[in-house]
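Novice: output the structure for:
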Amino acid sequence: MSAIKIKNLSKDFKDFSLNIKELDIKEGYVTGFIGPNGSGKTTTIKLIMNMLKKDNGTIKILGKEYKECDLSIKEQIGYVGDYSGYLHDAKISIIKKNISRFYKNWDEELYKKYINKFKLDEKKTYKELSKGQKKQFELAIVLSHHPKVIIMDEPTANLDPLVRNEFLEILQERIEVDNASVFYSTHITSDLDKVGDYLVFIYKGKIILEGDKYSILEEHSIVRGKKELLNNETKEIFISVSENSFGFEGLVRNKKEAYEIFGEEVVYDKPNLEDILTFYTRGK
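Specialist: Predicted coordinates for the structure are as follows:
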């Protein structure tokens, strides 16, 4: 069964349109949702969370169409976003008390474990916490009700590398225990270099690439060579290619095909996720 299954989803705004023909988020894995700011990541997540009304299409979570009043689905979802919505003047102990009563699977022992690990003072108000502590508290809240689907929208934006690494390590540790599925939206591709299993690239409201991370990284290649090797025919194999006075650099989706054309006359480098995103959004 899919954790999240989307078909023919569309949402139109005045200056932006989201159109996703099909998207299948696999159960038990971390699926990275990658794209530049303004590509449609947050819009997609708001539609999944019923925070926006879709124009067309279906969205199923754990096999069921998610409706606003369906508590059986709500209890299975954990969400961490760029903005929490918590009352800034409330003590975090009160926030926890008010939230925990809505979840029948709330695990107070696990919550206390995270609070102690993060060294969070429950007497403090939410606004007194640092950016890193706020994210630690939000993660503790989400993981303590054992959700089966965890949706994250830029959760590590503006965090320092140490806090970000700890956040990712704890997330990965917990989802393995609970066999949870994670839909992780970010423009920080290094996060998904560490924890991503599957990847979905979105740009201008459309899915432009998807698959398992290993295959995507292995199949693509950055090719560098002399300008005279480029012509209208050889340019066709590139996702995008740039030229300068010294030569060219481009991304190909099929390294074997590129080798058949260029052989040993060029240099082949393995790209990272940021390279792939950059070349795909740059275009021909």
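Novice: would you list every one of the helices in the stretch 1-150 of the chain?
Specialist: Taking DSSP state H, counting those that start in this stretch as the criterion, the stretch 1-150 of the chain carries its helices at 41-48, 71-74, 92-100, 108-118, 131-143.
Novice: which other residues reach the lengthiest helix in the chain?
Specialist: Counting residues, the longest helix found in the chain (DSSP state H) is helix 161-178. Outside helix 161-178, the residues that touch it by CB atoms under 8 Å, 6 or more residues apart in numbering are 30, 114, 117, 132, 135-136, 139, 143, 146-148, 150, 155-156, 159, 180-182, 188, 191, 194-195. Placement of C-beta: from N, CA and C, glycine included.
Novice: looking at the helices of the stretch 1-150 of the chain, which is closest to residue 228?
Specialist: For the helices of the stretch 1-150 of the chain, the distance to residue 228 is smallest for helix 41-48, at 40.5 Å, taking CB to CB.
Novice: which other helices and strands does the closest one contact?
Specialist: Applying 3 or more CB pairs under 8 Å, 6 or more residues apart in numbering; DSSP states H and E, one finds that helix 41-48 contacts strand 2-12, strand 17-26, strand 30-34, strand 56-61, strand 149-153, strand 181-186.
Novice: at 7 Å instead, please
Specialist: Judged by 3 or more CB pairs under 7 Å, 6 or more residues apart in numbering; DSSP states H and E, helix 41-48 is in contact with strand 2-12, strand 17-26, strand 149-153.
Novice: for the shortest one, which strands pair with it and how are they oriented?
Specialist: I take that to be strand 149-153. strand 77-80 (parallel), strand 181-186 (parallel) (DSSP bridges).
Novice: so which of those strands is the most packed in?
Specialist: Most buried of the strands paired with strand 149-153, by mean neighbour count (mean count of other CB atoms under 10 Å): strand 181-186, with a mean of 24.
Novice: need the contact partners of the helix or strand following that one.
Specialist: Following strand 181-186 in sequence order, the next helix or strand is helix 189-195 (DSSP states H and E). With CB atoms under 7 Å, 6 or more residues apart in numbering as the test, helix 189-195 has contacts from 30, 32, 34, 156, 164, 168, 171-172, 184, 186, 199, 272-274, 277.
Novice: next: stretch 122-142.
Specialist: In contact with stretch 122-142 (CB under 7 Å, 6+ apart) are residues 78-80, 84, 86-93, 95-96, 99, 111, 114-115, 118, 120, 150, 155, 158-160, 163, 167, 170-171.
Novice: name the residues of that stretch that come out as buried.
Specialist: Buried residues in stretch 122-142, counted by 16 or more other CB atoms under 10 Å: 125-126, 129, 132-142.
Novice: if anything else comes up later, I'll come back, but that's it for now.
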